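Trainee: Build me a structure from this.
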Amino acid sequence: MRYPPVSTPPLVAVAHGSRDPRATAAVEALLDLVRARGLDVRTSYLDHAPPSPVRVLAGLGEAVVMPLLLTEAYHSKIDLPGVLAAARRHDPRLSVRVTGTLGPHPLLLDALERRLAEVGVLPSPGTGVVLVSAGSSDPSANAVIAATARAWRRRGWYDARPAYASAASPSPAEAVRALYEAGASKVAVASYFLAPGHFADKVRAAAEEAGAHAVSPVLADAPELAEIIVERYRAALTDRAVRTAG
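Mentor: Numbers count the residues shown, from 1 in each chain. From the prediction side, this is the model:
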């Protein structure tokens, strides 16, 4: 007897959103990698760009929702639950499983090194690296970036230090100068951003002015991120610890 294929719920990816068209293009490029692995992926944005998660979730009945955010902070802790509550009010039958954010994850260090290699920077004993995120008013989110930088030190760099584009210190320029003062012969800046936009542009300008040897492109469609998304999705289908709404 032949059985019909078991259907799986679509993955609704929820990105931050931006008015910058480069950001939307970067998100779609990443999600196209995930689609190429056979997943039914729907794109949505919390702000600044359509469609909204409420609109995308309408009529689905069941979905796995993944926040395309690099840290667990205000958007994943406050904004996303509010959006899902609105979606449930719109469709009380909706059942949603919510995965964790993209980061932290060990594969993100591989993705960061991939992007640095693209601008000619490889781990070396004389090269310091600054890990720059957007920054958050949530201290726990900033602490994750600091912990990621500490873990990165063990991969052959002179040192790795965190920096934040806003809401926390040190700034990218301060971290670049501090590494030079500590003795690094060369300092590179790793852009811990999913997509291009205001913060990535601001970081590049400030880092170059402070003397950074190179600034990496944003993560965008790094294949490691696609692997993380697929991993989170599969875990959501089997892991009872994943948050459930509905």
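
Trainee: OK, contacts around the residue most central in space within the chain?
Mentor: With distances taken as Cα atoms, centre = their mean, residue 70 lies nearest the centre of the chain, 3.0 Å away. Counting by Cβ atoms under 8 Å, 6 or more residues apart in numbering, residue 70 makes contact with 101-103, 108, 133, 192-194, 219. Where you see a C-beta, it was placed from the backbone N, CA and C, and this is true even at glycine.

Trainee: Look at it and give its secondary structure.
Mentor: coil (DSSP: H, G, I helix; E, B strand; the rest coil).

Trainee: Where does pLDDT dip in this protein?
Mentor: 1-6, 74-76, 240-246 (pLDDT under 70).

Trainee: Which stretches in it count as helices?
Mentor: Residue ranges of the helices in the chain, as given by DSSP state H, are 21-35, 53-57, 74, 80-90, 107-118, 139-152, 172-182, 198-209, 223-238.

Trainee: still on that earlier bit, just the buried subset of the contacts of residue 70, please.
Mentor: 101-103, 108, 133, 192-194, 219 (16 or more other Cβ atoms under 10 Å).

Trainee: Tabulate these (TSV), appending distance to residue 181.
Mentor: Output for these, formatted as TSV (distance: Cβ to Cβ, whole Å):
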residue	distance to residue 181
101	33
102	33
103	29
108	28
133	22
192	23
193	26
194	31
219	28
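
Trainee: still on that earlier bit, and the helices of the chain: which comes nearest residue 11?
Mentor: helix 223-238 (5.2 Å; Cβ to Cβ).

Trainee: and the angle for the closest one with helix 107-118?
Mentor: 160 degrees (axes from the mean of the first three to the mean of the last three Cα atoms, to 10 degrees).

Trainee: hey, C-alpha coordinates of helix 223-238 in CSV?
Mentor: Provided in CSV are the C-alpha atoms of helix 223-238 (Å, rounded to 0.1, in the frame of the first residue of the first chain):
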residue,chain,number,x,y,z
PRO,A,223,25.3,29.0,3.6
GLU,A,224,25.9,28.5,7.3
LEU,A,225,22.8,30.6,8.1
ALA,A,226,20.7,28.5,5.8
GLU,A,227,21.9,25.4,7.7
ILE,A,228,21.0,27.0,11.0
ILE,A,229,17.5,27.8,9.8
VAL,A,230,16.9,24.2,8.6
GLU,A,231,18.3,22.9,11.9
ARG,A,232,15.9,25.1,13.9
TYR,A,233,13.0,24.1,11.7
ARG,A,234,13.6,20.4,12.1
ALA,A,235,14.0,20.8,15.8
ALA,A,236,10.7,22.6,16.0
LEU,A,237,8.9,19.6,14.6
THR,A,238,10.3,17.3,17.2
